[in-house]
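Chemist: Quick one: sequence plus predicted model below, questions after.
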Amino acid sequence: MTEILSLSKARKARERADDRRRAEENRVRFGRTRAERETQALQDDLGRRRLDAHRRDETLPSDEEG
């Protein structure tokens, strides 16, 4: 004998599986939480400011040249 299949339940199960698959792809693609992105942005900014603080001023007045 064959099993009676509810088409609406089968459709909903297929949609849930598709949603789970799409969510997994997005986790791989985007992968970081908001807190991780903000922390990385703050670290990048701090590193940039530290580098700029150690930069030498390369512009010389024209009367001091030569």
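Modeler: Looks like it arrived, so ask away.
Chemist: pLDDT on the biggest helix by length in the chain, on average?
Modeler: Secondary structure of the chain per DSSP state H: the longest helix is helix 7-30. Helix 7-30 shows a mean pLDDT of 94.
Chemist: can you check stretch 59-66 too?
Modeler: Here the average pLDDT along stretch 59-66 is 61.
Chemist: Start at 857, not 1
Modeler: Right, with 857 as the first residue, what we last looked at is stretch 915-922.
Chemist: how far out from the middle of the chain is stretch 888-897?
Modeler: 8 Å (C-alpha atoms, centre = their mean, to the nearest Å).
Chemist: ah, wrong one, I meant stretch 872-881
Modeler: With C-alpha atoms, centre = their mean, you get 19 Å for stretch 872-881.
Chemist: One more: stretch 866-881?
Modeler: With C-alpha atoms, centre = their mean, you get 23 Å for stretch 866-881.
Chemist: Contacts for that stretch, please.
Modeler: The contact list for stretch 866-881, computed with C-beta atoms under 8 Å, 6 or more residues apart in numbering, is empty. Glycine gets a C-beta too; all of them are placed from N, C-alpha and C.
Chemist: what angle sits between the helix or strand following the longest helix of the chain and helix 863-886?
Modeler: Next along the chain after helix 863-886, taking DSSP states H and E as the criterion, comes helix 890-909. Going by axes from the mean of the first three to the mean of the last three C-alpha atoms, to 10 degrees, helix 890-909 is angled at 10 degrees with respect to helix 863-886.
Chemist: residues in contact with helix 890-909?
Modeler: Arg888.
Chemist: could I get it in CSV with only the CA atoms?
Modeler: Taking Å, rounded to 0.1, in the frame of the first residue of the first chain, the C-alpha atoms of helix 890-909 are listed here in CSV:
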residue,chain,number,x,y,z
ARG,A,890,27.3,42.8,14.1
ALA,A,891,29.5,42.9,17.2
GLU,A,892,32.4,41.3,15.3
ARG,A,893,32.1,43.7,12.4
GLU,A,894,32.0,46.7,14.8
THR,A,895,35.0,45.4,16.8
GLN,A,896,37.0,44.9,13.6
ALA,A,897,36.0,48.5,12.4
LEU,A,898,37.2,49.9,15.7
GLN,A,899,40.5,48.0,15.6
ASP,A,900,41.1,49.2,12.0
ASP,A,901,40.4,52.8,13.0
LEU,A,902,42.7,52.5,16.0
GLY,A,903,45.5,51.1,13.8
ARG,A,904,45.0,53.8,11.2
ARG,A,905,45.2,56.5,13.9
ARG,A,906,48.3,55.0,15.4
LEU,A,907,50.0,54.9,12.0
ASP,A,908,49.0,58.5,11.3
ALA,A,909,50.3,59.6,14.6
